[in-house]
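J.: can't give you the sequence, but here's the structure:
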């Protein structure tokens, strides 16, 4: 009754569709549009059908320039006897597609291929057939009509059993679940056991209902294996797909369960040698595309897709199966997270990067240490060179030192003589003597300052930075050369702001730079007329730095202008060319720079730029 009802529904739907949609469908099938029909043996939700459909559609979409109308029909032979459904399904197909030319037909099982061959002349006489089947049609059938092409598929019972027994060598008994399977499948399994395994007992479990099947599974003894081939529920009104029964079998079993189809992976079976169902669909679609683009079906060789060893990592852990024991090329699914296994290349790249980075860091630390040593040595050499340069400069200022000291010494001598005379004449009063002694003390302090200033310039000195007023440094430097300037009839003008300007520097070394620049300026005016001999020193304070410029009215810089700070470059007849080099190095050590240029109206200007305190 159920069969007739479903068949009647199919016929009614087909007739209605034919009456209502025929004109629009015929109009839609324009030149160049190809129609492809796939016939599945099971219902639409049969476990393998969605995988096959996805693969076929993926391949047919690979050519956007080739428009294809794709249709899929389902025989549902697992629900209804094929011999009763065949004629009804033929009539349904004929009525539904009577106004559409089918350019190609795809069948995914043996049953579908048999139906297509039996009804080919009536339904699609001019359409090539692409099939997936365990049995390859004879050459005569392949060349009839538009031809056949396809894939030979099968279930690797023998290989799966071999793998299972290799992983469980103590197995004494193998139970095979084959409920609903055809006789040839059962016989092929028996033949495999007779050929390869002696000493292992083989038992088939063919219970028609799930409860009876599970009861039989629970009675399976230890030292056994279960090969789950398929189970088709034979109890009316209680339909369960074979992959829905598989997890029930796994839970009921106290021994490992192996399977022969990829649709069982994830149900708890340990694994097996299986065919990738989705990949089979892709290959069917690719063969179909070759035919649709001009290749004759009978010219395409029959393929046999590879069988892949596939295992469930969770079941392997449950039964203590090490991954190293699996056959080469095995696919392990549902692995737990593992940094080394899942991201080995990334980990190696990161480790390699860390090693390289560590080497670079060590190299940089070594270079930093070497640079520090070189910097210390450079500073020591700079200090030695600066000391030597200062001694030469101070030697040139000997007359200035004597002149500066003569004034406080003469004052001391005259005050002492005056005191003696007052004492000798009994005219000395306490107030008068107090004034004389105060003058002597003041002159002594002045002499002490002069001696200390020159002694500081002459002694060995290392670069020590501390906050200081650059204006005060300039004043001290000009005091050192004041007498020499007077002897040369040179006027020194200082334009210094009243507000202090703090820089981080070494007072002695900065004084050395300024004394060197002023001495050079005075020597540059040796041939200048006396009334034009003038040195102008100016401090210009800016936001981030301060510029100290020394300008003269001498002969200016010759063509060595761009190299004036290089060693042994000099414009003096008796110079050796290291004074400005040392001065430039001292300025650079303070984070500053030194520049020189000729003035438009004659003479030259040297400018020292120093960062203000906190901006270096």
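T.: In hand now; what should we look at? Since this is a predicted model, take the numbers as computed values, not measurements.
J.: From now on I want contacts and neighbour counts done on CA atoms only, so please keep to that.
T.: Noted.
J.: what bits of the stretch 101-250 of the chain have low per-residue confidence?
T.: Residues of the stretch 101-250 of the chain meeting the criterion pLDDT under 70: 139-144, 180-185, 195-196, 233-238.
J.: in which helix or strand would I find residue 194?
T.: Assigned by DSSP states H and E, residue 194 belongs to helix 183-196.
J.: oh sorry, the question was meant for residue 204
T.: Here residue 204, judged by DSSP H and E, is contained in strand 201-205.
J.: ok, residues contacting whichever helix or strand comes after that strand?
T.: Counting by DSSP H and E, the next helix or strand C-terminal to strand 201-205 is helix 210-218. Contacting residues not belonging to helix 210-218 are listed as 205, 206, 207, 233, 245, 248, 249, 252, 253, 254 [C-alpha atoms under 8 Å, 6 or more residues apart in numbering].
J.: which two in those residues are spaced the farthest apart?
T.: Within the contacts of helix 210-218, 233 and 254 form the most distant pair, 22.5 Å apart (C-alpha to C-alpha).
J.: So for the two, which sits in the more crowded spot?
T.: Neighbours were counted for residue 233 and for residue 254 using other C-alpha atoms under 10 Å; residue 233 has more, 22 against 18.
J.: re the thing from before, could you flag which of the contacts of helix 210-218 are buried?
T.: Listed as buried from the contacts of helix 210-218 are 205, 206, 207, 233, 245, 248, 249, 252, 253, 254; burial here means 16 or more other C-alpha atoms under 10 Å.
J.: ok, back up a step: can you put the contacts of helix 210-218 in a markdown table and add distance to residue 605?
T.: A markdown table is the format used below for these (distance: C-alpha to C-alpha, whole Å):
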| residue | distance to residue 605 |
| --- | --- |
| 205 | 110 |
| 206 | 111 |
| 207 | 111 |
| 233 | 107 |
| 245 | 100 |
| 248 | 99 |
| 249 | 100 |
| 252 | 102 |
| 253 | 101 |
| 254 | 101 |
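J.: In helices, which of the residues you listed fall?
T.: The helices, defined by DSSP state H, take in 245, 248, 249, 252 from the contacts of helix 210-218.
J.: can you tell me which of the residues you listed lies nearest to residue 470?
T.: Relative to residue 470, the closest of these is residue 248; by C-alpha to C-alpha it sits at 92.9 Å.
J.: measure the nearest residue in space to the closest one that is not next to it in sequence to residue 172 for me?
T.: Of all residues not flanking residue 248 in the chain, residue 214 sits nearest, at 7.4 Å (C-alpha to C-alpha, 6 or more residues apart in numbering). Plainly put, residue 214 is 21 Å away from residue 172 if you go by C-alpha to C-alpha, to the nearest Å.
J.: quick one: low-confidence parts of the stretch 401-550 of the chain?
T.: Along the stretch 401-550 of the chain, segments meeting pLDDT under 70 span 401-407, 443, 445-447, 449-463.
J.: At which residues are the strands of it located?
T.: Taking DSSP state E, counting those that start in this stretch as the criterion, the stretch 401-550 of the chain carries its strands at 466-469, 491-495, 502-505, 534-541, 545-551.
J.: Same list (those strands) but as a markdown table, adding mean neighbour count and distance to residue 315.
T.: Output for those, formatted as a markdown table (neighbours: other C-alpha atoms under 10 Å; distance: least, C-alpha to C-alpha, whole Å):
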| stretch | mean neighbour count | distance to residue 315 |
| --- | --- | --- |
| strand 466-469 | 15 | 75 |
| strand 491-495 | 16 | 92 |
| strand 502-505 | 22 | 74 |
| strand 534-541 | 20 | 81 |
| strand 545-551 | 22 | 76 |
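J.: closest one to residue 373 among these?
T.: Within the strands of the stretch 401-550 of the chain, the stretch nearest residue 373 is strand 502-505; the backing value is 21.4 Å (C-alpha to C-alpha).
J.: Domains in the chain, by residue range?
T.: Domains of the chain are assigned by automatic domain parsing as 2-152, 157-274+306-336, 342-373, 376-611.
J.: To residue 293, which of those lies closest?
T.: Using C-alpha to C-alpha, the nearest of these to residue 293 is domain 2-152, at 8.7 Å.
J.: Show the contacting residues for residue 104.
T.: 35, 36, 37, 127, 128, 129, 130, 288, 292 are the contacts of residue 104 under C-alpha under 8 Å, 6+ apart.
J.: repeat for residue 149
T.: Neighbours of residue 149 in contact, by C-alpha under 8 Å, 6+ apart: 128, 129, 130, 131, 142, 287, 297, 298, 300, 301, 302.
J.: if we can go back for a sec, which of the contacts of residue 104 sit farthest apart?
T.: Put simply, by C-alpha to C-alpha the two of those set farthest apart are 35 and 130, 13.7 Å from each other.
J.: When those two are compared, which one has more neighbours?
T.: Neighbour count, other C-alpha under 10 Å: between residue 35 and residue 130, residue 130 has more, with 24 against 19.
J.: same for the helix or strand encompassing that one, what does it pack against?
T.: Assigned by DSSP H and E, residue 130 falls within strand 129-133. On a contact count with 3 or more C-alpha pairs under 8 Å, 6 or more residues apart in numbering; DSSP states H and E, strand 129-133 meets strand 104-107, helix 110-118, strand 148-152, helix 277-292.
J.: measure stretch 522-542 end to end?
T.: Length of stretch 522-542, first residue to last, C-alpha to C-alpha: 28 Å.
J.: Filter the contacts of residue 149 down to the buried ones.
T.: Applying 16+ other C-alpha under 10 Å to those flags 128, 129, 130, 131, 142, 287, 297, 298, 302 as buried.
J.: Nearest to residue 219 among those?
T.: Nearest member of the buried ones among the contacts of residue 149 to residue 219, counting by C-alpha to C-alpha, is residue 131, at 40.6 Å.
J.: about what we covered before: which among the domains of the chain is found nearest to residue 280?
T.: Of the domains of the chain, nearest to residue 280 by C-alpha to C-alpha is domain 2-152, at 6.8 Å.
J.: Wait, residue 265 touches residue 309, no?
T.: No: counting by C-alpha atoms under 8 Å, residue 265 does not reach residue 309; the two are 11.4 Å apart.
J.: So which residues make contact with stretch 327-335?
T.: 163, 266, 308, 309, 310, 311, 312, 313, 314.
J.: Now for these, which sits with the most neighbours around it?
T.: residue 311 leads these on contacts (other C-alpha under 10 Å) with 28 neighbours.
J.: hang on, that residue in a strand?
T.: Yes: counting by DSSP: H, G, I helix; E, B strand; the rest coil, residue 311 is located in a strand.
J.: show me what contacts the spatially closest residue to residue 296 that is not a sequence neighbour?
T.: Closest residue to residue 296 apart from its sequence neighbours, by C-alpha to C-alpha, 6+ apart: residue 147 at 7.4 Å. The contact partners of residue 147, by C-alpha under 8 Å, 6+ apart, come to 128, 129, 141, 296, 297, 298.
J.: Distance to residue 280 added to the domains of the chain, as a markdown table?
T.: Output for the domains of the chain, formatted as a markdown table (distance: least, C-alpha to C-alpha, whole Å):
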| stretch | distance to residue 280 |
| --- | --- |
| domain 2-152 | 7 |
| domain 157-274+306-336 | 10 |
| domain 342-373 | 27 |
| domain 376-611 | 75 |
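J.: between the ones in helices among the contacts of helix 210-218, which is closest to residue 223?
T.: The shortest approach to residue 223 among the ones in helices among the contacts of helix 210-218 belongs to residue 252, at 15.7 Å (C-alpha to C-alpha).
J.: what's the closest non-adjacent residue to residue 89?
T.: With C-alpha to C-alpha, 6+ apart, the residue lying closest to residue 89 is residue 75, at 7.2 Å.
J.: isn't the one you found right next to residue 46, touching?
T.: No: counting by C-alpha under 8 Å, residue 75 does not reach residue 46; the two are 11.1 Å apart.
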